[in-house]
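> the sequence and its predicted three-dimensional model are supplied below.
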Amino acid sequence: MNAGWISLSFDDALEQHWRTAIPLMNDRGLVGTFYVHLSAPGFLRHSDQWRNAARAGHELGNHTVFHPAVSSKAWVRPGNAIEHYTLDRMRMELEFANEWLSQIDGQSERTFAYPCSNSFIGRQGWIHRSLAALHLHRTRLTTWVDRLHLDIGSTRQSYANLVGELFVAGRGGGLARHDRIPPVSEWSRTNLLSVAVENGTLGELQHFVNTTVESGRWAILQFHGVGGGHRMDCSELVFAEFIRWLGQEHASRVITVLDGARRLWPQWSTKSIPAVEMKTIP
């Protein structure tokens, strides 16, 4: 299947998203996918703005409740350290977030984005931890440890199958702007490839989009900060010019991640997604 699609995705429900990015996109008639974790201050305090975004056609994607990540990150607390998660705990968090988001946008299905593009939960074993302590975790030694199943004491496991059960698709990372994007026929529904935008120039973004469209593939861009709000930032000026250019050159190709996933895997777009029982949220 030829795609030639462009999806703009935004992680972490930053205030800059509804203050800056969404108005610029609305002005050009473009839609995006906003992956929100429920504990984000930019989501908790501004439910009306996110409800308005959904009404304008933007997708509200699931990004968990507490944005779990590896404990080595300075902002991670014991309660959201991914090493402490089990599949059942992750399921409860994803189901709860799905139900809460449905109270905001009225939708029964959506896509998911792995926090920090990490699709694994649990703790690495003592060999991997030792290699990291010796600054050898980016060498071939780690590949051999995994290949030979030598990481004693590891509880690490993928939760991609859980994502496949609860969502139409899951978005990961895995690409740089200069990488060749594989044909969509080779994509995994539970780990869609995306390119993180950080300090990119307008020319770089335009080149990436044009190259992807010309090859009939799917360009999923992963934004965080837009004119601030995150260390991974795209300047407001670059973003505004990029959106203006997209509206002029490729408006009909810009779709939400959910729309693209529905086109590739239509059998999953009508699946009844499990959710927890909840009362209506005022």
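That came through, no problem.
> for whichever helix or strand Glu165 is part of, packing partners?
Taking DSSP states H and E as the criterion, the element that holds Glu165 is helix 160-166. Using 3 or more Cβ pairs under 8 Å, 6 or more residues apart in numbering; DSSP states H and E as the contact test, the elements touching helix 160-166 are helix 87-105, strand 170-175. All C-beta atoms are positioned from the backbone trio N, CA, C, and that covers glycine.
> quick one: the strands in this structure?
With DSSP state E, the ranges of strands along the chain come out as 5-11, 33-36, 59-62, 112-113, 120-121, 157-158, 170-175, 192-196, 218-223, 225-226, 233-234.
> could you give the angle of the first one to strand 170-175?
Comparing the axes of strand 5-11 and strand 170-175 via axes from the mean of the first three to the mean of the last three Cα atoms, to 10 degrees yields an angle of 100 degrees.
> how far off centre is strand 5-11?
Its chain's C-alpha centre lies 9 Å from the corresponding centre of strand 5-11 when counted by Cα atoms, centre = their mean, to the nearest Å.
> give me the contacts around it.
If you take Cβ atoms under 8 Å, 6 or more residues apart in numbering as the criterion, strand 5-11 is touched by 17, 21, 25, 30-35, 61, 63, 113, 171, 194, 209, 212-213, 218-224, 226, 246, 250, 253-257, 260, 263.
> these two touch, right, Ala261 and Val168?
Yes. The pair formed by Ala261 and Val168 meets the contact definition of Cβ atoms under 8 Å, at 4.6 Å.
> what do the two both touch?
Common contacts of Ala261 and Val168, defined by Cβ under 8 Å, 6+ apart, comprise 111, 189, 268-269.
> export these as CSV, with columns for pLDDT.
As requested, those are arranged in CSV below (pLDDT from 0 to 100):
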residue, pLDDT
Thr111, 98
Arg189, 98
Trp268, 90
Ser269, 83
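> which of those residues count as buried?
The neighbour-count test (16 or more other Cβ atoms under 10 Å) applied to those identifies 111, 189, 268 as buried.
> which residues touch the last one?
Translated: Trp268. Counted by Cβ under 8 Å, 6+ apart, Trp268 has contacts 168-169, 189, 261-262.
> and these, which two are furthest apart?
Checking the contacts of Trp268 against each other with Cβ to Cβ, the farthest-apart pair comes out as Arg189 and Arg262, at 11.0 Å.
> nearest residue to the spatially most central residue of the chain other than its sequence neighbours?
With distances taken as Cα atoms, centre = their mean, Ala113 lies nearest the centre of the chain, 3.0 Å away. Ranked by Cβ to Cβ, 6 or more residues apart in numbering and with sequence neighbours excluded, the top spatial neighbour of Ala113 is Tyr35, at 3.9 Å.
> please name the bridge partners of the one you found.
Asp11, Gly61 (DSSP bridges).
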